[in-house]
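J.: Got a sequence here, can you build the structure:
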Amino acid sequence: MSTANMLNVQSLMNQMNVHTEMAKGAIKVGPNPRDFGVQNPSFTELMEQKVAAINTDQNTSSALMHAVDSGKSDDLVGAMVASQKASLSFSTMIQIRNRLVQAFDEVMKMPI
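T.: Have a look, this model is predicted:
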């Protein structure tokens, strides 16, 4: 076996050992945000932020389309991009809501 192959095998063995130790919990990867007093936002807060962002996208799109329609702006491409962005973000939110309702229904159907 050549020296290059030996080094490659040794490197792979070292990586496997590191992953094994990580799986056992002996090695922690990166700092835990909770160690610094940083709290992760709750699910409700995340959803409120996303709904607010989608609402902002819808309002921006509406304002840009109104400006183009009234002749105050000639940025039709920007208005169309904003409109598509708002439409896509709204559709994504609806799909997430549908998945959440579906998951809730399945949890409710579980036997106690």
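J.: What are the buried residues along stretch 83-100?
T.: The neighbour-count check on stretch 83-100 (16 or more other C-beta atoms under 10 Å) flags 83, 86, 89 as buried. C-beta coordinates here come from the backbone N, C-alpha and C atoms, glycine included.
J.: for the protein, which helix is longest?
T.: Secondary structure of the chain read by DSSP state H shows that its longest helix is helix 76-109.
J.: Run the chain-centre distance for that helix.
T.: Its chain's average C-alpha position is 13 Å from that of helix 76-109, according to C-alpha atoms, centre = their mean, to the nearest Å.
J.: re the thing from before, would you list the buried residues of stretch 83-100 in a markdown table and tack on distance to I96?
T.: Putting the buried residues of stretch 83-100 into a markdown table (distance: C-beta to C-beta, whole Å) gives the following:
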| residue | distance to I96 |
| --- | --- |
| S83 | 21 |
| A86 | 16 |
| S89 | 11 |
